[in-house]
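Peer 1: for reference, the sequence and a predicted model appear below.
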Amino acid sequence: MASKSEAGTEGFDEGNGKKEDMYQILSKVDYSDDVFMQVIEAPAVAAACQAGQFIILMIHEEGERIPLTIADFDREAGTITIVVQAVGTSTRHLQTLGKGDSLTSFIGPLGQPSEIEKVGTVICAGGGVGVAPIYPIARALKEAGNEVICIMAARNESLLFWEDKLREVSDELIVTTDDGSRGRKCLVTEPLKELCEAGGIDLVYAIGPGVMMKFCAKTTEAYGVKTLVSLNSIMVDGTGMCGGCRVSVGGETKFVCVDGPEFDGHKVDFDLLMSRQRQYLKQEKASLDAYLSHATVPDEPVPDEPVPDATACNRAVTAGV
Ligand code: FAD
Ligand code: FES
Ligand code: MG
């Protein structure tokens, strides 16, 4: 996915330009070695965005498009907050930018907003960096008069962030870590199961890595509790034109960028989603290696990993339809 110039050092200075028509980074906070928050001046996006939507940014003119959920917004200040996990070339490059740096493009709001209604008691479960997109949804659900139970989960304490912000919008907050360094030592599905078993849960939101959402949806399905998930499929244009973000939901092909990103978790083909998320791993690794060593990506094409055949949607994608 990464372009040659993006992976090397050439062209990176462009991302640090300070042209007035660019989107300025007003502040940056590192939450861990890999996770950081940036507040970006983008008044038009801030004026129009709603919980559940996302933006696509480009660091410089030849850069990749990076889709990121709107984690918070301030309409008066005209700012958007993003929380990013640095996983590859583009997000690692973004991590190097801070206050005063600017982005070439910042498009949004994209996708369908969350449908916020008063339904009763709602569980909002955020795993890893998924805590950031859960926050505006939990806040909107609370403002709509729901009882909100938040579960925030991470591998260990150092990866937890926004506990205070989530507590402010929750009637109850449960913290879990895989290693027990903070909160309960368990996976997010354990308290989720207990709460569903106790009854009275009207809706669940689960946002995080694909595997976390898959098992949250499996957990709630047994109790018949409606569960919404927010999908992070690979995106290119973000406007429904390229088909890159296809997923299978209830046997139908959907485009995450325009039909989603939220879908009924009981109907999502998570295995297909996760296999498609991995389809450019070789190219991404070559790009990151080159970026980290300040070299350029080799000219010869890196062969694609075969995508496991799963559904008609998958076959259409591998056939390039
Ligand atoms: P790469 O090394 O290029 O890729 C690493 C992995 O990231 C890939 O294996 C693939 O699974 C995924 N990825 C790569 N390119 C894309 C792409 N163009 N679109 C989507 N996924 C990609 N991440 C966050 O940290 N915070 C967020 O709030 C967030 N919100 C998202 C909202 C949406 C709607 C989507 C689709 C994705 C979101 N992501 C979020 C994921 C983020 O876009 C990717 O991690 C990022 O694009 C990876 O780029 P990279 O070059 O650093 O990594
Ligand atoms: Fe191209 Fe969704 S990203 S159709
Ligand atoms: Mg990339």
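Peer 2: Ah, there it is. Ligands and ions are numbered 1, 2, ... in the order given.
Peer 1: list the contacts for residue 196?
Peer 2: Under the criterion of C-beta atoms under 8 Å, 6 or more residues apart in numbering, the neighbours of residue 196 are 204, 219-220, 222-223, 225. Glycine gets a C-beta too; all of them are placed from N, C-alpha and C.
Peer 1: quick one: it and residue 74, what's the gap?
Peer 2: Taken as C-beta to C-beta, to the nearest Å, the spacing of residue 196 relative to residue 74 amounts to 35 Å.
Peer 1: cool, and residue 104?
Peer 2: For residue 104, the distance to residue 74 equals 22 Å [C-beta to C-beta].
Peer 1: what's the pLDDT at the residue nearest to residue 244 when sequence neighbours are not counted?
Peer 2: In this structure, residue 244 finds its nearest non-sequential neighbour in residue 236, 4.4 Å apart by C-beta to C-beta, 6 or more residues apart in numbering. As summarised for this prediction, residue 236 has a pLDDT of 94.
Peer 1: what do you get for the one 4 residues further on?
Peer 2: Reading off the confidence values, residue 240 has pLDDT 95.
Peer 1: residues near it, how many?
Peer 2: Taking other C-beta atoms under 10 Å as the criterion, the count of residues near residue 240 is 13.
Peer 1: what secondary structure does it sit in?
Peer 2: The three-state assignment at residue 240 reads coil, by DSSP: H, G, I helix; E, B strand; the rest coil.
Peer 1: give me every residue that touches it.
Peer 2: With contact set as C-beta under 8 Å, 6+ apart, residue 240 has these partners: 255, 257-258.
Peer 1: hmm, try it at 6 Å
Peer 2: Taking C-beta atoms under 6 Å, 6 or more residues apart in numbering as the criterion, residue 240 is in contact with 255, 258.
Peer 1: same check on residue 55?
Peer 2: For residue 55, the set of contacting residues under the criterion of C-beta under 6 Å, 6+ apart consists of 68, 106, 108.
Peer 1: among those residues, who's most crowded?
Peer 2: For the contacts of residue 55, neighbours were counted by other C-beta under 10 Å; the highest total belongs to residue 68, with 24 neighbours.
Peer 1: in the sheet, who's paired with that one?
Peer 2: Beta-bridge pairing of residue 68 under DSSP bridges involves residue 55.
Peer 1: which pLDDT value does the model give it?
Peer 2: If you check residue 68, the pLDDT there is 97.
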